[in-house]
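Student: what follows is a predicted structure for the sequence shown.
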Amino acid sequence: MSIIELIAAALFALALIHSFSTGYFQRLEQRHPKHAGLFHLLGEVELVFGFWSVLLIAAMACLEGPAKAIGYAESRQYTEPLFVFVIMVIAASRPVVSNIEALIASIAQASRGETMRMAEVVNCSSFQLKTRLSPVTKRSIPDAAAAA
C-alpha cells in the first residue's frame, strides 16, 4: 500500500468522524459567536466530504506532484454530487425554509380543532377501540374512557 493510499484512508476516516460530529460544530457555533462562521461551515453536512476531498487533492499534489493530482481530480465524475449539493443549498435557503415554516404553521392552525390526544385514539392497556362522537367535529372517534 502506497503512502498516498494510507493518507487517503486516514482522510476518509476523518471525514466520516467529521460527518457524525456536525451537531457538535453547530453547538460550538452557538457558544462561540466570534468563530460562528467557521463552526457553521464545519457543521454543514453537505460540505464535509468536499472539504476533505480538497485536502486529499492537496496531499496528492504535495506528495506526487500537481500533474497527478489534477489528473486524478479530472478523472472523477462530479455530476451527481454537485446536483445534490445544489439541491441542498436551495432547500436550506431562507425563502424556502420560511415558506415551509409558514405552510406547517398554517396546517397546524387549520387542524387545531381536529387534533386528538393519542390516549383518545388508542387505549394502550387493552388495544380495544370504542367510539363516541367528537364534540368538535361530530365525527366518530375512539373513546379511551369507554374502552377501559
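Tutor: Perfect, I can see it now. Residues are numbered from 1 along each chain as shown.
Student: contacts and neighbour counts: CA atoms only from here.
Tutor: OK.
Student: contacts only, for Met60.
Tutor: Listed by Cα atoms under 8 Å, 6 or more residues apart in numbering, the contact set of Met60 reads 4, 66, 68-69.
Student: at 6 Å what do you get?
Tutor: Ala69 (Cα atoms under 6 Å, 6 or more residues apart in numbering).
Student: looking at this, Asp77 is in a strand?
Tutor: For residue 77 the amino acid is Gln, not Asp. No: looking at Gln77 with DSSP: H, G, I helix; E, B strand; the rest coil, it is coil, so not inside a strand.
Student: burial of it, as a residue count?
Tutor: Applying other Cα atoms under 10 Å, we find 9 residues neighbouring Gln77.
Student: quick check: phi and psi on it?
Tutor: Dihedral pair for Gln77: phi -100, psi 120, per degrees, to the nearest 10.
Student: and it, what's its pLDDT?
Tutor: On pLDDT, Gln77 comes in at 89.
Student: pLDDT below threshold where in the chain?
Tutor: 112-148 (pLDDT under 70).
Student: need phi/psi at the one residue sitting closest to the centre of the chain.
Tutor: Residue closest to the mean C-alpha point of the chain, counted by Cα atoms, centre = their mean, is Val45 at 7.2 Å. Dihedral angles of Val45 (phi, psi; degrees, to the nearest 10) stand at phi -60, psi -40.
Student: for Ser21, see how far away it is.
Tutor: 9 Å (Cα to Cα, to the nearest Å).
Student: can you check Ser75 too?
Tutor: Ser75 is 30 Å from Ser21, by Cα to Cα.
Student: equivalent analysis for Gly65, please.
Tutor: With the distance defined as Cα to Cα, Gly65 ends up 32 Å from Ser21.
Student: any idea which helix or strand carries Gln30?
Tutor: Using DSSP states H and E, Gln30 sits in helix 22-31.
Student: flag every buried residue along the next helix or strand after that helix.
Tutor: Downstream of helix 22-31, the next assigned helix or strand under DSSP H and E is helix 36-42. Residues of helix 36-42 classed as buried: 36, 39-42 (neighbour count, 16 or more other Cα atoms under 10 Å).
Student: many thanks, have a good one.
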